[in-house]
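Trainee: Sequence first, predicted model second:
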Amino acid sequence: MAERFKVIYKQGALNVIEIWVDTETGVNYLYHKDGYSGGLTPLLDRDGKPLITNVTEK
C-alpha cells in the first residue's frame, strides 16, 4: 500500500517547515513544527483555491 502523503520539501531541524502532497488528491499542505507544537494548512493560490500537484497513477 502506498503512503497517502509525500513530503516534497523540507527545511530545518528544530524549527521544521515541510510541504506535503496528498497522493490521492494532489492538494499541497504546509506543515510547520516548532518544539512540541505544530500545524498543518493547505497551500492556496492567489484566488484562494488549493494548490494542486499532478499525481500519476501507479
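Mentor: Looks like it arrived, so ask away. Numbering: from 1, shown residues only.

Trainee: My read is that L51 contacts Y29, right?
Mentor: No - using Cβ atoms under 8 Å, L51 makes no contact with Y29, being 9.2 Å away. The C-beta positions use only the backbone N, C-alpha and C, and glycine is treated the same way.

Trainee: So, low pLDDT: which residues of the protein?
Mentor: Residue ranges of the chain with pLDDT under 70: 1, 57-58.

Trainee: Apply 80 and report the result again.
Mentor: Applying pLDDT under 80 to the chain picks out residues 1-2, 56-58.

Trainee: Point to the residue nearest the middle of it.
Mentor: W20 (2.1 Å; Cα atoms, centre = their mean).

Trainee: That residue and R4, how far apart?
Mentor: 9 Å (Cβ to Cβ, to the nearest Å).

Trainee: Residues that sit against both of L51 and Y29, list them.
Mentor: Shared contacts of L51 and Y29, defined by Cβ atoms under 8 Å, 6 or more residues apart in numbering, comprise 42-43.

Trainee: just to revisit the earlier point, now name the helix or strand holding the residue nearest to the centre of the chain.
Mentor: Taking DSSP states H and E as the criterion, W20 maps to strand 15-22.

Trainee: what's that strand in contact with?
Mentor: 4-11, 27-34, 38, 40, 43, 53, 55.

Trainee: Could you turn the buried ones of the residues you listed into a ChimeraX selection?
Mentor: The ChimeraX selection below is limited to those of these classed as buried (16 or more other Cβ atoms under 10 Å):
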select :27,28,29,30,31
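
Trainee: out of the contacts of strand 15-22, which are inside strands?
Mentor: Residues of the contacts of strand 15-22 located in strands (DSSP state E): 5-11, 28-34, 38, 40.

Trainee: Please enumerate the shared neighbours of W20 and R4.
Mentor: In contact with both W20 and R4: no residue, using Cβ under 8 Å, 6+ apart.

Trainee: Look up the closest residue to P42, ignoring the ones flanking it.
Mentor: Once flanking residues are discounted, P42 sits nearest to P50: 4.8 Å by Cβ to Cβ, 6 or more residues apart in numbering.
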